[in-house]
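Novice: pasting the sequence and the predicted model now:
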Amino acid sequence: MENVVLTIHLILALCLIGVVLLQRSEGGGLGMGGGGGGGGVMSGRAAATALGKLTWIFAAGFIVTSIVLTFIAAEKSAGTSVLDRLGAPAPAVQQETAPADDLLPPTPSDAPLLPPRAE
């Protein structure tokens, strides 16, 4: 079931991309586009083109399949976490505490002895 819905979802996504790319730009987006003289203004009564209708249909199908896939994924993981599915308990992280002496700079008595230089 999940594979069928996922396949339909991918086909709808590709169709939606194709239909959106085929549509003519109405212009005015970020000052780009070449509409002139107010002819590109859409009115509330403007008839939707076939590509516009297909865009709405593909978008609605895409949203529906997204919601269905979400429900399927939630149903599969009912009450389990990722660590439960691994089968092994998570390793405990142990922190080593450094002694307080290691946090201080070395004193001259702690400095390593250097061999005498031959002159």
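Specialist: Received the coordinates, thanks.
Novice: please count neighbours and contacts with C-alpha atoms only from this point.
Specialist: OK.
Novice: where in this protein is pLDDT low?
Specialist: For the chain, the stretches flagged by pLDDT under 70 are 27-48, 80, 82, 85, 87-102, 105-106, 110-113, 116, 119.
Novice: all helices of it, in order?
Specialist: Counting by DSSP state H, the chain has helices at residues 2-22, 50-76, 82-86.
Novice: with only the CA atoms kept, save stretch 6-18 in PDB.
Specialist: C-alpha atoms of stretch 6-18 as PDB (Å, rounded to 0.1, in the frame of the first residue of the first chain):
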ATOM      1  CA  LEU A   6       4.500   6.700  -2.900                       C
ATOM      2  CA  THR A   7       4.600   5.900  -6.600                       C
ATOM      3  CA  ILE A   8       1.400   8.000  -7.200                       C
ATOM      4  CA  HIS A   9       2.900  10.800  -5.100                       C
ATOM      5  CA  LEU A  10       6.100  10.900  -7.200                       C
ATOM      6  CA  ILE A  11       4.200  10.900 -10.500                       C
ATOM      7  CA  LEU A  12       2.000  13.700  -9.200                       C
ATOM      8  CA  ALA A  13       5.100  15.700  -8.200                       C
ATOM      9  CA  LEU A  14       6.600  15.300 -11.600                       C
ATOM     10  CA  CYS A  15       3.400  16.200 -13.400                       C
ATOM     11  CA  LEU A  16       3.000  19.200 -11.100                       C
ATOM     12  CA  ILE A  17       6.500  20.400 -12.000                       C
ATOM     13  CA  GLY A  18       5.900  19.900 -15.700                       C
END
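Novice: for that stretch, which positions count as buried?
Specialist: Buried residues in stretch 6-18, counting neighbours by 16 or more other Cα atoms under 10 Å, are found at 9, 12, 13, 15, 16.
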